[in-house]
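>>> Give me coordinates for this.
(2 chains)
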Protein chains: 2
Amino acid sequence: MKHFILASTSTLYGEGYLEYLQPAIKQLYAGVDEIVFVPYARPNGISHDDYTAKAAEAFAKAGIRVRGLHTFADPAAAIKSAKGFFTGGGNTFLLVKQLHELSLMKVLAEAVLNGTPYMGCSAGSNIGGVTMQTTNDMPIVYPPSFNTMGLIPYNLNPHYLDPIAGSQHMGETRETRIREFHTQNNTPVIGLREGSWIYAKGEQLTLEGKLSARIFLAGAEPYELPTGSSLSGL
Amino acid sequence: MKHFILASTSTLYGEGYLEYLQPAIKQLYAGVDEIVFVPYARPNGISHDDYTAKAAEAFAKAGIRVRGLHTFADPAAAIKSAKGFFTGGGNTFLLVKQLHELSLMKVLAEAVLNGTPYMGCSAGSNIGGVTMQTTNDMPIVYPPSFNTMGLIPYNLNPHYLDPIAGSQHMGETRETRIREFHTQNNTPVIGLREGSWIYAKGEQLTLEGKLSARIFLAGAEPYELPTGSSLSGL
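Modelled structure (predicted):
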């Protein structure tokens, strides 16, 4: 049975890494004592080893050991035999390039669709969508494709930001950018505010956390979906 | 002699389209009565025709007629015989995809390097850099390459934004994103604040406008460059 979490952010302002997600982690990985960490998004250019150590520290609080995917001689085999996954945030272009070049994107998707628990934050959530084309990240590398795992039939916009009242900045708002996406694509987009996550169990998709999400459908006005709502069949 | 402007934004807060650039436009296009407009970046999904009409209205104030590149049966020939160019802002991925797919990127670069005056704003400035990899835009389409015209040996980050004091948002700051770019690339990046532009005449590159620019070199701390400074040899 599919079981995964796609979270807007790893960290809330003033809190520790993954702190607000600890209850969700215990629920998602119940009975799992070790997971595989995907460190490829490398926020701030952190090394794979250092990023894995950071994840391990947070997961130790839930009694779960962490191994970095980069440490396996055969990462595809490691994915197939893993008991759970966590993909950290960072740069989505870097993450997607690496997963495609190592031919791991489909292998990871199949494992998750077959029921291995998965959690992603930010870039790690973006790859749960159909494509990475609603990321906020800078295209610092050129991936061979923008296609991602398609765990859900939507795209995500993590760290969703409402327009800032009174701003004199003339760059596009997040809403404008997502509307521009819909001039070229039809995939629904979920604007996921920091502190919100999508919880999937079997065929049920639910919005969790304290905030509403902003839903963008091609050719329609965006609207707010309250937390606790089903995200199936948008 | 090379003669071009790469501007951070088309529009300052509270002003009309290209209003603050009118003196620069008169200087750049002195003696030119008609230019070719590149409308492919399509901000907010505006049509090529509507976008061209908007540019034409602003250039009429300088006594210059505007023709949209999309209206020519042979756009490469139109570029080769043009007396000047303006590329408007919008989505850089869309602009770059179109220019590559129509095999116009190099044709346009050659015309500008051979001395036809060029002005770009925002996305239209991004393509003056070596690559589009420091754009702020969303990857709404997949371009065949991230390479751009390379009019200058740098990349640009238009609409450069300083970190917002007291922000509780956990998404990456602009500076963090550019530092991540430099974990993967060595090209210098000019963080160009709204109201600033790069003015090129022959081999002279100068920072114009009221504000300083933030200069990011791989492996070094970023620093401020005062307006009026030379941008050659960073």
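>>> Give me the phi and psi angles of the closest residue to A:Pro222 other than its chain neighbours.
Distance criterion CB to CB, 6 or more residues apart in numbering or on different chains; nearest residue to A:Pro222, sequence neighbours excluded, is A:Phe216 at 4.7 Å. No exception for glycine: its C-beta is placed from N, CA and C like everyone else's. Main-chain torsions, A:Phe216, degrees, to the nearest 10: phi -120, psi 120.
>>> Quick one: residues contacting A:Arg177.
A:Thr134, B:Asp137, B:Met138, B:Ile140 (CB atoms under 8 Å, 6 or more residues apart in numbering or on different chains).
>>> and if you look at A:Tyr29?
With the criterion set at CB under 8 Å, 6+ apart, A:Tyr29 makes contact with A:Ile35, A:Ala62, A:Ile64, A:Gly84, A:Pro117, A:Met119.
>>> rerun at 7 Å
For A:Tyr29, the contact set (CB atoms under 7 Å, 6 or more residues apart in numbering or on different chains) comprises A:Ile35, A:Ala62, A:Ile64, A:Gly84, A:Pro117.
>>> what does A:Ala111 give?
With CB under 7 Å, 6+ apart, A:Ala111 has these contacts: A:Ile79, A:Lys80, A:Ala82.
>>> can you redo those residues as JSON lines with pLDDT and secondary structure?
Shown next, in JSON lines, are these (pLDDT from 0 to 100; DSSP: H, G, I helix; E, B strand; the rest coil):
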{"residue": "A:Ile79", "pLDDT": "98", "secondary structure": "helix"}
{"residue": "A:Lys80", "pLDDT": "98", "secondary structure": "helix"}
{"residue": "A:Ala82", "pLDDT": "98", "secondary structure": "coil"}
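>>> Moving C-terminal from the helix or strand bottoming out on mean pLDDT in chain A, which element do we reach first?
Ranked by mean pLDDT, DSSP states H and E, the helix or strand of chain A with the weakest confidence is helix A:174-181, at a mean of 95. Next in sequence after helix A:174-181, counting helices and strands by DSSP states H and E, comes strand A:189-191.
>>> roughly how far apart are A:Lys201 and B:Thr134?
Remark: distance between A:Lys201 and B:Thr134 (CB to CB, to the nearest Å) = 40 Å.
>>> who has more neighbours, those two?
For A:Lys201 versus B:Thr134, neighbours defined as other CB atoms under 10 Å in any protein chain shown are more numerous around B:Thr134 (29 against 14).
>>> Could you look up the SS state of the more buried one?
Following DSSP: H, G, I helix; E, B strand; the rest coil, we place B:Thr134 in the coil state.
>>> Around chain B, pick out the residues from chain A.
A:9, A:11-13, A:44-45, A:91, A:132-136, A:138-142, A:146, A:159, A:161, A:168-171, A:176-177, A:179-181, A:183-185, A:194 (CB under 7 Å from any CB of the partner chain).
>>> tell me the contacts of A:Thr116?
A:Ala82, A:Lys83, A:Gly84, A:Phe85.
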